[in-house]
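**Q** Sharing a model that was predicted from the sequence below.
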Amino acid sequence: MVFKGIPVSEGIAIGKAFVYAPFKPKIGERFISAEEVPAHTARFDMTLKKARAELAALQEKLAEDPDKAGIFEAHEDILTDIALVDEILELINDKHYAGESAIETVYEKYENMFAEMDDDLMKERCADFNDVKTRLLRLWIGAAGKNLSEMEEPSVIFAHDLFPSDTATLDRNKALAIVTETGGNTSHSAIIARSYGIPAILGVSGVMGAAADGIIAVADAVEGTVVLRPDAGEFTRYREKQDAYDRDRKETLKYLGVRPVTLDGLRIEVCLNLGSVSDEDLAAAEFTDGVGLFRSEFLFMSGKELPSENQQFQVYKKAVEAYGSRQVILRTLDIGGDKKFESMELPEEDNPFLGCRALRLCFEKTDVFKTQLRAALRASAFGNLALMFPMVGSMEDLYRAKAFLEECRVELRGEGCAFNEKMPVGIMIEIPAIALMPDLVAAEVDFASIGTNDLCQYLMAVDRLNPDVAMYYQNYHPAMFWLINHTAEAFTKAGKPLSICGEMGGDPAALIPFIAMGIKKFSMSASCVAPVKRLITRLTMEEAGHVLGRLRMMNTAPEIEGYLKSSMKRLLKEEAVCIQSER
């Protein structure tokens, strides 16, 4: 039986199926007598305490992984929200709802409210409310909990959907692949799968009706195919395909520690996109030339309170010390659009990606902005730190941001605080308006980095999180390459460094023309480092220039994508031939 879905994390897995069907309460509207009310309010109080204890245990278990622990901190905030608790108690006390009916009624009200919002991030809050509701009802009923940590052997996981708390208990060593009926490229399941390197296929309609525990399943997350109970021929074909994929992956991983130098001697910098300073994230420092993008917003999203200047200083200091003389580029707070958090109230906007986000928001919240700038300046005394402003749309934006930075320099000098007076300052180039005048930008900054995710979104006038218009989000569009080349020419002429830190910065195929444009620095997720280094070591500037020349004659995104990927495969095939001849 064959199903098709969206491959969101590449790989091929074959193994036994583990069908994850968590507790699903069936609660109807039920009422109680006045005499039963005290017992139900007491039982609700006890259920709340048990739920808090479970969440606290999960946070403690995941203490070394702040991102995952943060999921359960958010769930605890929902659980203890006084408005929700009061509404539930009001239904029990005043309207004589049974406790379980009151819990379901109140939580579903909020789930429906978030589901109707236009903001994709707020819609995702439905999963958190559903998660907390399910935990409360399970404890109320006294049902046993089920989570993904119960897998006894490596398996292909099948689920209708995975909530944040599901994946937080996941043992990555036992997850051969993830297959869900819902979700897409930007869903929680996709992000977790990619970060763990687990093959994943989402949006596989109807698969839960056919999957069963223990059956053999194939998850081809290269093509987006799921095969249940493969026959002998299918099994052999996919096993051969898996072996070939694994051999290539094993070969690619050999390049993790290799110096990224082209065949004709050009040194390319391969840097890391960093989200936190956990030991796991900083482990990639061994194999990378620096941090091309330190996403500071994750520090702001991890708690209910804004991080203090000293808290930020300690985090930034840890990052620069880990990289020593290698540069760490800190992006100032970039929230709004698809990123929001509890510690700051943000305006509700019909079009958040075009609204008050990133640098625009920092200009509105100057106290928050200056606190971060002061922390960054102080950390610059301990290593090679650079500062980068996101969402710059005009020269006025740049002048204004630099003026705030100078204010902070003056304050710190007056306080006798040490900092690097010559800390490099740059911008993200992600708004087409600023990309069209790169010569003016290059004269005012020490460096710049192209954020291809938002540059493509704004250039193509498409919401990159909206699956209904995904076909219009074309990062291989000819205009993308024209605009990036235009920017590269200006920065090369000015003698200023230019890098790429969006998703295309970790795309080996796209790097071929970018290197030909004179871009010598790329920043990416840790999983992209080895594939990118492998491609670089097989490339010459002559070959890159030839590819760029051919690309300039192409008119469509599919044509360019096909050509670049075939060029990459040809280079890697030539590598294999070269290795064979050397043997």
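**A** Right, received. Where do you want to start?
**Q** can we go C-alpha only for contacts and neighbour counts from here?
**A** Will do.
**Q** residues in contact with the helix or strand hosting residue 548?
**A** For residue 548, the enclosing helix or strand under DSSP states H and E is helix 541-551. For helix 541-551, the external contacting residues (Cα atoms under 8 Å, 6 or more residues apart in numbering) are 262, 264, 512, 513, 515, 516, 560, 563, 564, 567.
**Q** secondary structure element for the last one?
**A** I take that to be residue 567. helix 557-582.
**Q** Return the set of buried residues in stretch 3-17.
**A** Residues 4-17 are the ones in stretch 3-17 that count as buried (16 or more other Cα atoms under 10 Å).
**Q** In CSV, list the C-alpha atoms belonging to that stretch.
**A** Below are the C-alpha coordinates for stretch 3-17, written out as CSV (Å, rounded to 0.1, in the frame of the first residue of the first chain):
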residue,chain,number,x,y,z
PHE,A,3,0.9,6.8,0.2
LYS,A,4,2.3,10.2,-0.8
GLY,A,5,3.2,13.1,1.4
ILE,A,6,5.5,16.1,1.8
PRO,A,7,9.1,15.2,2.5
VAL,A,8,10.3,17.8,5.1
SER,A,9,13.5,16.1,6.4
GLU,A,10,15.5,14.0,3.9
GLY,A,11,16.4,10.3,4.4
ILE,A,12,15.1,6.8,3.8
ALA,A,13,14.0,4.5,6.6
ILE,A,14,12.7,0.9,6.7
GLY,A,15,11.5,-0.8,9.9
LYS,A,16,8.6,-1.7,12.1
ALA,A,17,5.8,0.7,12.5
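**Q** residue contacts, residue 106?
**A** Residues near residue 106 by Cα under 8 Å, 6+ apart: 84, 87, 88.
**Q** For the stretch 101-250 of the chain, which segments count as helices?
**A** 120-123, 125-141, 164-168, 188-196, 232-253 (DSSP state H, counting those that start in this stretch).
**Q** Could you tell me the least trusted of these?
**A** The minimum mean pLDDT among the helices of the stretch 101-250 of the chain belongs to helix 120-123 (a mean of 59).
**Q** Kindly reformat the contacts of helix 541-551 as a markdown table containing neighbour count and pLDDT.
**A** Shown next, in a markdown table, are those (neighbours: other Cα atoms under 10 Å; pLDDT from 0 to 100):
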| residue | neighbour count | pLDDT |
| --- | --- | --- |
| 262 | 19 | 97 |
| 264 | 12 | 96 |
| 512 | 25 | 98 |
| 513 | 24 | 98 |
| 515 | 22 | 98 |
| 516 | 20 | 98 |
| 560 | 21 | 97 |
| 563 | 17 | 97 |
| 564 | 23 | 97 |
| 567 | 17 | 96 |
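**Q** From residue 257, how far out is residue 501?
**A** Per Cα to Cα, to the nearest Å, residue 501 is found 20 Å from residue 257.
**Q** Just checking: what are the partner strands of the biggest strand by length in the chain?
**A** Assignment by DSSP state E gives strand 12-20 as the longest strand of the chain. Its sheet considered, strand 12-20 pairs with strand 155-159 (parallel), strand 216-220 (antiparallel) by DSSP bridges.
**Q** buried sites along whichever helix or strand comes after that strand?
**A** For strand 12-20, the following helix or strand on the C-terminal side (DSSP H and E) is helix 37-61. By neighbour count on 16+ other Cα under 10 Å, the buried set for helix 37-61 is 37, 40-41, 44, 47-48, 50-52, 55-56, 58-59.
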